[in-house]
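K.L.:
Sequence and computational prediction follow.
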Amino acid sequence: MCLTQGVATEKTTTSLRYSSDAADLDLLEPAWNALQAHHSAVDPSLGGETPPRALADAWERRRAKYEGWLADPETFFVVAERADAVAGYAFLTVAPGFAAWETGPIANLETLSIVSEHRRSGLGTRLLDAAWSRLAERGVREMAITAAAGNVDAHRFYERHGFKQAFVVYYGKRDD
């Protein structure tokens, strides 16, 4: 389903569309790879010890997660396309909410990725807005996001959009 006709730029138009079709997943691979390259630059190793995976392996694992999540009818993604190529996407799941706090159903922004040449163009905001629109149709008013510790640009982006840090994720590794 086409979300909008898009926004014209000097040379091309960006269109957004929703999908929950696993057949569309392979379109996301270049944007996933761009995110992995970015993460490798801002956090070269996890916890100072664990190097990133090869792009093909990372995509295979993430794609398998996406396929599993798409079994839930609440799961969807928003694809941004420019000149017949994916410029970015947002992938969301929906959970029942937190047990310890009085929340309603809560969306998890599993991935928000913009291909490097389209960063800082407003596309992240458009994808986030489109995600909120679809969630509103489903009565979901809350969203959680995990961002890499070293990805300070992402932290600032989410804070500009009204998100606040609520949890801290720790990573540890044992070598026994």
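P.N.:
The structure has been received and is ready for your questions.
K.L.:
Only C-alpha atoms from now on, for both contacts and neighbour counts.
P.N.:
OK.
K.L.:
Which stretches in this structure count as helices?
P.N.:
With DSSP state H as the criterion, the chain has helices at 29-42, 55-69, 123-137, 152-160.
K.L.:
which strands and helices sit next to the third one?
P.N.:
Using 3 or more CA pairs under 8 Å, 6 or more residues apart in numbering; DSSP states H and E as the contact definition, the elements that helix 123-137 packs against are strand 76-82, strand 85-95, strand 106-114.
K.L.:
quick one, the longest one and strand 106-114 angle?
P.N.:
An angle of 170 degrees separates the directions of strand 85-95 and strand 106-114 when computed by axes from the mean of the first three to the mean of the last three CA atoms, to 10 degrees.
K.L.:
Now do the phi/psi pair for Trp101.
P.N.:
Trp101 has phi and psi values of phi -130, psi 150 when expressed as degrees, to the nearest 10.
K.L.:
Ignore what I typed, I meant Thr103.
P.N.:
Dihedral pair for Thr103: phi -110, psi 160, per degrees, to the nearest 10.
K.L.:
How about it: what's its closest non-neighbour residue?
P.N.:
Gly97 (5.5 Å; CA to CA, 6 or more residues apart in numbering).
K.L.:
correct me, but the one you found touches Arg141?
P.N.:
No. Gly97 is not in contact with Arg141 according to CA atoms under 8 Å; the separation is 10.8 Å.
K.L.:
Need the residues touching each of those two.
P.N.:
Counting by CA atoms under 8 Å, 6 or more residues apart in numbering, the shared contacts of Gly97 and Arg141 are Gly104, Pro105, Ile106.
K.L.:
Separate out the buried members of these.
P.N.:
By neighbour count, with 16 or more other CA atoms under 10 Å, those hold Pro105, Ile106 as buried.
K.L.:
picking that back up, and the helices and strands packed on helix 123-137: which comes nearest Leu35?
P.N.:
Among the helices and strands packed on helix 123-137, the nearest to Leu35 by CA to CA is strand 106-114 (5.7 Å).
K.L.:
Contacts for that closest one next, please.
P.N.:
Contacts of strand 106-114 (CA under 8 Å, 6+ apart): 31-32, 34-35, 87-98, 123-124, 135, 140-146.
K.L.:
among the helices and strands packed on helix 123-137, which is nearest Lys173?
P.N.:
strand 106-114 (23.2 Å).
K.L.:
Keeping just the C-alphas, turn the closest one into CSV.
P.N.:
These are the backbone C-alpha positions of strand 106-114, laid out as CSV (Å, rounded to 0.1, in the frame of the first residue of the first chain):
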residue,chain,number,x,y,z
ILE,A,106,3.9,-0.9,23.1
ALA,A,107,5.7,-0.8,19.7
ASN,A,108,9.3,-1.7,19.4
LEU,A,109,11.2,0.1,16.7
GLU,A,110,13.4,-2.8,15.8
THR,A,111,15.3,-1.0,13.0
LEU,A,112,15.4,2.5,11.6
SER,A,113,18.0,2.7,8.8
ILE,A,114,18.7,5.4,6.2
